[in-house]
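[1] Here is the input, now give the coordinates:
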Amino acid sequence: MTVAVDPAVRPAPDTLWGILRSIGPGLILTANIVGTGELIATTRLGSQVGFTLLWFIVFSCVIKVFVQLELGRYTLAEGIGSLDALDRLPGPRFRVSWVMWLWFLMYLGSLCQMSGMIGGIAEIFADKTNIWAHRLVAAGIAAGTGALLASGRYSLVERASTAMVALFTISNLIAVGILQMTPFKVTGAEWASGLSFQLPDDLVTAFAVFGITGVGAAELIFYPIWCVEKGYARATGKRDDSPEWNARARGWMRVMKYDAWLSMGIYSFGTLSFYLLGAAILNRQGRVLGDVGAMATLTHMYVEVLGDWGRWIFYVGAFMVLYSTLFVSSASNARLFTDAGRLAGLFDFRTPGDRARAVRVAVVVLPILVMLVYVKFESLVTLVLIGGVAQAMMLPFLGGAALYFHYTATPAALRPSRAWTAILWGAFAAMTCVGLFQAWRLVG
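    The predicted model follows:
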């Protein structure tokens, strides 16, 4: 008797070139990460506090990767996405796990962030002084995004989004380099002060930035989904703890680590460049990025460094960053919506095709809904910061979930070192401090 073998099951590549060709989920998230959080929230923080929190930005980008990979490790072993994993956590249930209800509150906050993305793009093409043209552009962006995603042309736009983010990141790094040849150059004393672990008096924006920059809470949820979509779990195969499965699991975990750390390097440089420009130019001029004239303030920042050419570089780059983020966020949040509905018993997907059809509807509806939220409030920066606060509040629970999976479900083949476990505990502690601070601010 011949046993059928799932053709998707295969060993991971063992050459560097093969590994680089297989990475994907982290790079998809990079198109989502280098977006509103960096362009708006991080620049706002730099404009408020100057160079004081340079160390905090680096810490934010690095520490959450350990939680990201721990959640990815669980997905690799169990073959399920992030919401299914959260629904397995112990504790009270009402249709779904208590953690799922907390996630839903964060989800609403992340939709506010998407509203800010649409507002930022619309402001590039039509200033708010012409309010109806501005709103018409916002409506066109939402409708076009939904149509493009519903058409199934995702892979093309995925590659284009990654390329767009990479180009703008490079242009930002060039701007920071040119900055050193202008009166706004960063001095050695300012570099030292930025890396001296000090904190400003007002930490509200800082902790919102911690929740939204690097791998924020939303990206920690997105990552396991894209690991499933990209086939890492299918390639590993159903867990049976056989020597063959262990070897495949270790191989695909190695690919996942390359994916996560390479992505971290890309978005860290992007995040730092936005922060440095905000600190070096806006803070020194006493200009704080706010809801009124947000895009004009950001444009001014680039013109100061690059001259009149900076205006067009910013317009093109900002569109690339914001639209790629909107595109990936719409695709990711649509999948989360359908998965959450399934877990809550609202949807009954009998076949994979049923879920695919539900996702096609969601990718059209979600951009339109968040566009209507923006039209109602038209507070670009505030909407983005709402998303940051919501994500910061969710971080402790995601860190706790990662630790729970680490101790209860990690197979021997994927068990990390003691040093890794210690850093994972450190990440959980940092996320908990952020969450408690936000809770205290809300109660106050």
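
[2] Where in this structure is the helix or strand with the lowest mean pLDDT?
    Taking mean pLDDT, DSSP states H and E as the measure, the chain has helix 25-33 as its least confident helix or strand, at a mean of 58.

[3] show me what contacts residue 299?
    The neighbours of residue 299, taking C-beta atoms under 8 Å, 6 or more residues apart in numbering as the test, are 310, 311, 314, 315. Placement of C-beta: from N, CA and C, glycine included.

[4] Ok, residue 387 next?
    36, 37, 109, 110, 111, 112, 113, 114, 116, 212, 218.

[5] So which bits of the helix or strand containing the fourth one are buried?
    This points to residue 110. Element membership of residue 110, judged by DSSP states H and E, is helix 98-125. Buried residues in helix 98-125, counting neighbours by 16 or more other C-beta atoms under 10 Å, are found at 99-100, 102-103, 106-107, 109-124.

[6] ditto for stretch 389-400
    Neighbour-count burial for stretch 389-400, with 16+ other C-beta under 10 Å as criterion, is recorded at 389, 390, 391, 392, 393, 394, 395, 396, 397, 398, 399, 400.

[7] how far does stretch 411-429 sit from the chain's center?
    Averaging C-alpha coordinates over stretch 411-429 and over its chain gives two centres that are 22 Å apart (C-alpha atoms, centre = their mean, to the nearest Å).

[8] Can you dump the C-alpha atoms of that stretch in PDB for me?
    Taking only C-alpha atoms (Å, rounded to 0.1, in the frame of the first residue of the first chain), the coordinates of stretch 411-429 have been written out as PDB:
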ATOM      1  CA  PRO A 411       8.400  20.800  20.400                       C
ATOM      2  CA  ALA A 412      11.900  19.700  21.200                       C
ATOM      3  CA  ALA A 413      13.100  20.300  17.700                       C
ATOM      4  CA  LEU A 414      12.200  24.000  17.900                       C
ATOM      5  CA  ARG A 415      13.200  24.700  21.600                       C
ATOM      6  CA  PRO A 416      15.300  27.900  21.700                       C
ATOM      7  CA  SER A 417      18.300  28.500  24.000                       C
ATOM      8  CA  ARG A 418      18.200  29.700  27.500                       C
ATOM      9  CA  ALA A 419      19.500  33.100  26.400                       C
ATOM     10  CA  TRP A 420      16.600  33.400  23.900                       C
ATOM     11  CA  THR A 421      14.100  32.500  26.700                       C
ATOM     12  CA  ALA A 422      15.600  35.200  29.000                       C
ATOM     13  CA  ILE A 423      15.300  37.900  26.300                       C
ATOM     14  CA  LEU A 424      11.700  36.700  25.700                       C
ATOM     15  CA  TRP A 425      11.000  37.300  29.300                       C
ATOM     16  CA  GLY A 426      12.600  40.800  29.000                       C
ATOM     17  CA  ALA A 427      10.400  41.600  26.000                       C
ATOM     18  CA  PHE A 428       7.300  40.500  28.000                       C
ATOM     19  CA  ALA A 429       8.400  42.800  30.900                       C
END
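
[9] Start the count at 37 instead of 1 going forward.
    Happy to do that; since the first residue is 37 now, the last one works out to stretch 447-465.

[10] Would you mark the buried spots in it?
    By 16+ other C-beta under 10 Å, the buried positions in stretch 447-465 come out as 447, 449, 450, 452, 457, 459, 460, 463, 464.

[11] And for stretch 166-177?
    Of the residues in stretch 166-177, those with enough neighbours to count as buried (16+ other C-beta under 10 Å) are 170, 171, 173, 174, 175, 177.

[12] all helices of the stretch 187-336 of the chain, in order?
    Using DSSP state H, counting those that start in this stretch, the helices assigned to the stretch 187-336 of the chain run over residues 190-215, 224-230, 240-248, 253-265, 268-272, 279-313, 330-342.

[13] who wins for proximity to residue 442 among the ones you listed?
    helix 279-313 (13.4 Å; C-beta to C-beta).

[14] which helices and strands does the closest one pack with?
    Using 3 or more C-beta pairs under 8 Å, 6 or more residues apart in numbering; DSSP states H and E as the contact criterion, the elements in contact with helix 279-313 are helix 52-58, helix 61-69, helix 79-85, helix 90-114, helix 190-215, helix 268-272, helix 330-342.

[15] how far is that helix from where the chain is centred?
    If you compare the mean C-alpha spot of helix 279-313 with that of the full chain, they lie 13 Å apart, counting by C-alpha atoms, centre = their mean.

[16] residues of that helix that come out buried?
    Residues 281-282, 284-289, 291-293, 295-296, 299-300, 302-313 are the ones in helix 279-313 that count as buried (16+ other C-beta under 10 Å).

[17] wait, residue 116 sits on residue 264?
    Yes. Residue 116 sits in contact with residue 264 when judged by C-beta atoms under 8 Å, with a separation of 7.4 Å.

[18] between the two, who's got more neighbours?
    Counted by other C-beta atoms under 10 Å, residue 116 and residue 264 do not tie: residue 264 has more neighbours, with 20 against 17.

[19] circling back to that earlier point, looking at the contacts of residue 423, point me to the pair that's furthest apart.
    73 and 147 (14.6 Å).

[20] ok, and the closest non-adjacent residue to residue 236?
    The spatial neighbour of residue 236 that comes closest, neighbours along the chain excluded (C-beta to C-beta, 6 or more residues apart in numbering), is residue 85 at 4.5 Å.

[21] Now do the same contact list for that neighbour.
    Residue 85 neighbours (C-beta under 8 Å, 6+ apart): 236, 238, 241, 242, 315, 319.

[22] Of those - the most surrounded one?
    Counting by other C-beta under 10 Å, residue 315 has the largest number of neighbours within those, with 26 neighbours.

[23] distance of the residue lying closest to that residue once chain neighbours are set aside from residue 300?
    Spatial nearest neighbour of residue 315, excluding adjacent residues (C-beta to C-beta, 6+ apart): residue 82 at 3.8 Å. In this structure, residue 82 and residue 300 are separated by 20 Å, where distance is defined by C-beta to C-beta, to the nearest Å.

[24] Then residue 351?
    Here the distance between residue 351 and residue 300 works out to 28 Å (C-beta to C-beta).

[25] Report pLDDT for the residue nearest to residue 315.
    Per-residue pLDDT puts residue 82 at 90.

[26] And residue 478, by the same measure?
    The predicted structure scores residue 478 at 65 on the pLDDT scale.

[27] Check residue 145 too.
    Here, the pLDDT recorded for residue 145 equals 88.

[28] ok, now the one 10 residues further on?
    With respect to pLDDT, residue 155 has a value of 90.

[29] How about the contacts made by it?
    Taking C-beta under 8 Å, 6+ apart, we find residue 155 in contact with 174, 410, 414, 416, 419.
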